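Trainee: Got a predicted structure plus its sequence, pasted below:
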Amino acid sequence: MAGPAALLVSIRHQAGALHTLRAAAAPHPPRSPLQPSHTQTFSTSRSGPAWHSPGEDPEVSEPGEAQKLQEERKALWKSPEEGEESGDLSPLNPDEPKPERLAQPGLVRRETLREMALRSKVSRLAEATSRLVQVEQTLLLPLLQQHPLALHPKDSIEFRNICSHMALQREGQQFERDLHEAHECLKTIIEKLLCSLAVSPSDSYIPVQSALRQILRDLMAM
């Protein structure tokens, strides 16, 4: 038989698993746009060669050469002929399909329906864990001071370890397997608590048993 100390150990590990589950249930952080090195701005007071404006060529010193270079640049950037769109990269052969627009680096990837469903399940598992910790702290812990019960802290340790491993995956088949194992482990924790309470029936256990059964029903419906 175990007293409050064993339950506190279980609660501590369940709280660690809860923190991990809440982090895993959060949306993926957006990817920050990549800034190419050639677009970075530099201070004009920085040591080194002087920086020139876009229309300036540092190698051109004669006015006539500068004007000639400017005309050549204008010719390169003149408007496209009639029937063409500015910036259109259509192939020369009209029968060839147009190339698809490439995804720009730094854009946030949209979450798939499967990923949304998995994240929802993680969130519900976190909610069930939170409810279990609350029941243990507010209802079960005071009872153990008078009525020690058989507890199994190892299950809570295993639950925390599974959640920690799952959070490292973030997605994929291993993530789904870990999520399933965490779900089953939490069910086992609650079922064993109910069995321990049933060994020594008492009216004082009824609120605890009712709350644990409700959490278990919600877990089985996931």
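Mentor: Great, that's in hand. Owing to the predicted nature of the structure, the values given are computational and were not obtained by experimental measurement.
Trainee: For this structure, which element, helix or strand, carries the lowest mean pLDDT?
Mentor: Using mean pLDDT, DSSP states H and E, helix 63-76 stands out as the lowest-scoring helix or strand of the chain, at a mean of 59.
Trainee: Sticking with Leu193, tell me its helix or strand.
Mentor: Using DSSP states H and E, Leu193 falls within helix 173-199.
Trainee: In that helix, which residues have enough neighbours to count as buried?
Mentor: Of the residues in helix 173-199, 175, 178-179, 181-183, 185-187, 189-190, 193, 196-197 count as buried by neighbour count, 16 or more other CB atoms under 10 Å. Quick note: C-beta positions are derived from backbone N, CA and C, even for glycine.
Trainee: would you list the residues you listed in JSON lines and tack on pLDDT and distance to Ala117?
Mentor: Below are the buried residues of helix 173-199 laid out as JSON lines (pLDDT from 0 to 100; distance: CB to CB, whole Å):
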{"residue": "Phe175", "pLDDT": "92", "distance to Ala117": "12"}
{"residue": "Asp178", "pLDDT": "96", "distance to Ala117": "16"}
{"residue": "Leu179", "pLDDT": "96", "distance to Ala117": "11"}
{"residue": "Glu181", "pLDDT": "97", "distance to Ala117": "18"}
{"residue": "Ala182", "pLDDT": "97", "distance to Ala117": "16"}
{"residue": "His183", "pLDDT": "98", "distance to Ala117": "14"}
{"residue": "Cys185", "pLDDT": "98", "distance to Ala117": "20"}
{"residue": "Leu186", "pLDDT": "98", "distance to Ala117": "19"}
{"residue": "Lys187", "pLDDT": "98", "distance to Ala117": "20"}
{"residue": "Ile189", "pLDDT": "97", "distance to Ala117": "24"}
{"residue": "Ile190", "pLDDT": "98", "distance to Ala117": "23"}
{"residue": "Leu193", "pLDDT": "95", "distance to Ala117": "29"}
{"residue": "Ser196", "pLDDT": "93", "distance to Ala117": "34"}
{"residue": "Leu197", "pLDDT": "93", "distance to Ala117": "34"}
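Trainee: which of those lies closest to His165?
Mentor: Distance to His165 across the buried residues of helix 173-199 (CB to CB) is lowest for Asp178, with 5.5 Å.
Trainee: Might you report the residue contacts of the closest residue in space to that closest one that isn't next to it in sequence?
Mentor: Distances taken as CB to CB, 6 or more residues apart in numbering place Met166 nearest to Asp178, at 3.4 Å, with adjacent residues excluded. The neighbours of Met166, taking CB atoms under 8 Å, 6 or more residues apart in numbering as the test, are Thr20, Ala24, Phe175, Asp178, Leu179, Ala182.
Trainee: Most widely separated two among the residues you listed?
Mentor: Taking CB to CB, the two most distant members of these are Thr20 and Phe175; they sit 12.7 Å apart.
Trainee: The least confident helix or strand of the chain: what's the following helix or strand?
Mentor: helix 113-135.
Trainee: Let me know the next secondary structure element after that next one.
Mentor: Under the assignment DSSP H and E, the closest C-terminal helix or strand after helix 113-135 is helix 141-144.
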